[in-house]
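Undergrad: Sequence first, then the predicted structure:
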Amino acid sequence: MSCCEKREVIRVMGKCSDMCHVMYPDGTESEGMGVPNDINIGSGDYIDFDYCRNCGTMVGVFPVEIPEKEE
């Protein structure tokens, strides 16, 4: 999916301090850990991603593969 013609990118950055919660399409969740570094929203304790404020499209390399979960 590409962004709209009125592309105006907003950068979102934040620190989670090991309190990131991610819900995956298959119903599994990642909670109480750092930001997954393989889904293009940041890594470690930091969330960092861009999106277009006009159409809501995430800016970056997508789609991404859902990482294997650790048991």
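TA: Yes, it's here. The shown structure was predicted, so the numbers you read here are calculated from the model rather than taken from an experiment.
Undergrad: And V9, how far from C52?
TA: V9 sits 6 Å away from C52, going by CB to CB, to the nearest Å. C-beta: built from backbone N, CA, C; applies to glycine.
Undergrad: Spell out which residues are contacts of both of the two.
TA: Applying CB atoms under 8 Å, 6 or more residues apart in numbering, one finds that V9 and C52 are jointly contacted by V59.
Undergrad: Which one's more surrounded, the two?
TA: Comparing V9 with C52 by other CB atoms under 10 Å, the one with more neighbours is C52, at 17 against 12.
Undergrad: Read off the pLDDT value for the closest residue to the more buried one other than its chain neighbours.
TA: Once flanking residues are discounted, C52 sits nearest to C3: 4.8 Å by CB to CB, 6 or more residues apart in numbering. Looking at C3, its pLDDT reads 74.
Undergrad: Also S43?
TA: On the pLDDT scale, S43 gets 90.
Undergrad: and it, what are its bridge partners?
TA: Beta bridges link S43 to Y46, judged by DSSP bridges.
Undergrad: let's number from 40 now, not from 1
TA: Noted, 40 is the first residue going forward, which turns the last one into S82.
Undergrad: All set, thanks.
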